[in-house]
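A.B. asks: coordinates only, sequence not included:
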C-alpha cells in the first residue's frame, strides 16, 4: 500500500513540540477550522480523528488530517465515476467470484480421488461421477454470465476497457468446453493422474484451459480494478493485493508444468521420469496457488461489494455543514 500524500512543508511548533499551523487569512482559517463530525480513521495508523480540526495532525503518528481526508474522499466521485447500478454490480461481483471458486473446487474433486486411491490402492477405487464435469462447467459458465454485471461498473470506464472485458467473458466458452472434455477423460479413460503417463490430449486441453484463464483474468482485471478503487477499499487499506495478476502467474506456472510433462514423452531413458515428475510438481504447486488466489478473490469481492453499495462520502458527510449554512 502506498503511503498517503504528505505535506512536505516543515511543521512549526509552539515550543512544546506541538504542531502549529502557519498563519492564514481569516476566511481560510474559518474554513479550515472545521472539526470532523464523523468517524475518520487515520490512513497511516487507524486512529479515529473524529473531533479534530481539519488542519491538525494525528496525535498518534503525526500524519496531517487533511492528508487523510484527501486520501479517503474523492470530491468528484459523484460527477466523474458514478455507479449506475450499485446493487446489481455488487451482486455480479459476488456471483462471479463465488461461482468461479466453486468451479475450481469441483475440478479438484477427481484429483483428490486420485490421491486417496494412490494412498490406499487396496481399499479405495475412485470413479469420477458423471455429474461432476457438467457441474464444474456450469459453475464456470455462471461466473462468466455474472461477469456481465461488472462489465461497466462506473461511467468512467473507457471503450477499450469494455471491449477487453467482453473478450474476457467470451474466453469462458473454451474454458467450459475444456472442463467438460477433461471430465470425460477422467471418467472413461481414468488411470490415476499421479502415476499415469502424460496424455497429449489431456495436456492440450489443460493448455487451452490455461490460455482461457489468462485471457479472462487479464481482460476483466481493469474493470475489477476500477471497482476496487471506486469503492475506496484500496484507499482504506483493506484490499491491497494484486490477486488477479498473481493468479495469471500461477496459471502460467502450471502450464509450464504441463509442457514439461508433454516434453517427457520425447526424453529417452530414465530422464523421462525425472522431467515428468518435475512437471507434475509444477502443476500441483500452480493449482494449489491458483485455488488460494480464488479464495482471495472471494474475500476481496465481499469487501468491495459491501463498500460499493454505499455512496462515497462527500465533504458535507465527513465535516458537516459550516456554521451559518443551511
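C.D. replies: Arrived safely, thanks for sending. Since the model is a prediction, treat every value here as computed from it, not as a measurement. Numbers count the residues shown, from 1 in each chain.
A.B. asks: Scan the helices and strands of the protein for the one with the lowest mean pLDDT.
C.D. replies: helix 77-80 (a mean of 38; mean pLDDT, DSSP states H and E).
A.B. asks: Now do the helix or strand following that helix, average pLDDT.
C.D. replies: Next in sequence after helix 77-80, counting helices and strands by DSSP states H and E, comes helix 86-119. Mean pLDDT, computed over helix 86-119, is 88.
A.B. asks: Show me what helix 86-119 is packed against.
C.D. replies: helix 132-146, helix 172-188, helix 200-230, helix 271-308 (3 or more C-beta pairs under 8 Å, 6 or more residues apart in numbering; DSSP states H and E). Yep, even glycine has a C-beta here, placed from its N, CA and C like the rest.
A.B. asks: Out of those, which is closest to residue 116?
C.D. replies: Between residue 116 and the helices and strands packed on helix 86-119, the shortest separation by C-beta to C-beta is 14.3 Å, and it involves helix 172-188.
A.B. asks: Give the buried residues for that closest one.
C.D. replies: Using 16 or more other C-beta atoms under 10 Å as the test for burial, helix 172-188 gives 172, 174-176, 178-183, 185-186.
A.B. asks: Now tell me which of the residues you listed the prediction trusts least.
C.D. replies: By pLDDT, residue 186 ranks lowest within those, coming in at 80.
A.B. asks: My understanding was that it contacts residue 126; is that so?
C.D. replies: No - in this structure residue 186 lies outside contact range of residue 126 using C-beta atoms under 8 Å: 9.7 Å.
A.B. asks: Give me the common contacts of these two.
C.D. replies: In terms of C-beta atoms under 8 Å, 6 or more residues apart in numbering, residue 186 and residue 126 are both contacted by the residues residue 110.
A.B. asks: any idea how the protein splits into domains?
C.D. replies: For the chain, automatic domain parsing gives the domain ranges 12-72, 80-308.
A.B. asks: Just name the most buried of these.
C.D. replies: Most buried of the domains of the chain, by mean neighbour count (mean count of other C-beta atoms under 10 Å): domain 80-308, with a mean of 18.
A.B. asks: Quick check: residue 223 touching residue 152?
C.D. replies: Yes - using C-beta under 8 Å, residue 223 is in contact with residue 152, at 7.3 Å.
A.B. asks: anything in contact with each of these two?
C.D. replies: Counting by C-beta under 8 Å, 6+ apart, the residues touching both residue 223 and residue 152 are 162, 165.
A.B. asks: Residue 203: what's it in contact with?
C.D. replies: Residues in contact with residue 203, defined by C-beta under 8 Å, 6+ apart, are 258-259, 261-262.
A.B. asks: Just the ones of the residues you listed in helices?
C.D. replies: 258-259, 261-262 (DSSP state H).
A.B. asks: would you turn the buried residues of helix 172-188 into a markdown table with distance to residue 270?
C.D. replies: As requested, the buried residues of helix 172-188 are exported to a markdown table (distance: C-beta to C-beta, whole Å):
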| residue | distance to residue 270 |
| --- | --- |
| 172 | 41 |
| 174 | 37 |
| 175 | 36 |
| 176 | 39 |
| 178 | 32 |
| 179 | 34 |
| 180 | 36 |
| 181 | 32 |
| 182 | 29 |
| 183 | 33 |
| 185 | 27 |
| 186 | 28 |
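A.B. asks: Looking at those, spot the one nearest residue 111.
C.D. replies: For the buried residues of helix 172-188, the residue nearest residue 111 by C-beta to C-beta is residue 186; the value is 9.0 Å.
A.B. asks: what residues are up against residue 168?
C.D. replies: Residue 168 makes contact with 147, 215-220, according to C-beta under 8 Å, 6+ apart.
A.B. asks: Please apply the same query to residue 283.
C.D. replies: Taking C-beta under 8 Å, 6+ apart as the test, what residue 283 contacts is 254, 257-258, 261.
A.B. asks: Taking those, tell me the two that lie furthest apart.
C.D. replies: Farthest pair in the contacts of residue 283 (C-beta to C-beta) is 254 and 261. Separation: 10.7 Å.
A.B. asks: Need the nearest residue in space to residue 142, chain neighbours excluded.
C.D. replies: Take residue 142 and drop its neighbours on the chain: the residue closest to it by C-beta to C-beta, 6 or more residues apart in numbering is residue 99, 4.2 Å away.
A.B. asks: what's near enough to touch that neighbour?
C.D. replies: Residues in contact with residue 99 (C-beta under 8 Å, 6+ apart) are 139-140, 142-143, 146.
A.B. asks: Over to residue 139?
C.D. replies: Each residue near residue 139 by C-beta under 8 Å, 6+ apart is listed here: 99-100, 102-103, 106.
A.B. asks: In TSV, list these along with distance to residue 40.
C.D. replies: Shown next, in TSV, are these (distance: C-beta to C-beta, whole Å):
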residue	distance to residue 40
99	36
100	35
102	38
103	40
106	44
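A.B. asks: Just give me the closest of those residues to residue 204.
C.D. replies: Nearest member of those to residue 204, counting by C-beta to C-beta, is residue 103, at 20.0 Å.
A.B. asks: Verify the stated contact: that closest one with residue 133.
C.D. replies: No - using C-beta under 8 Å, residue 103 makes no contact with residue 133, being 10.9 Å away.
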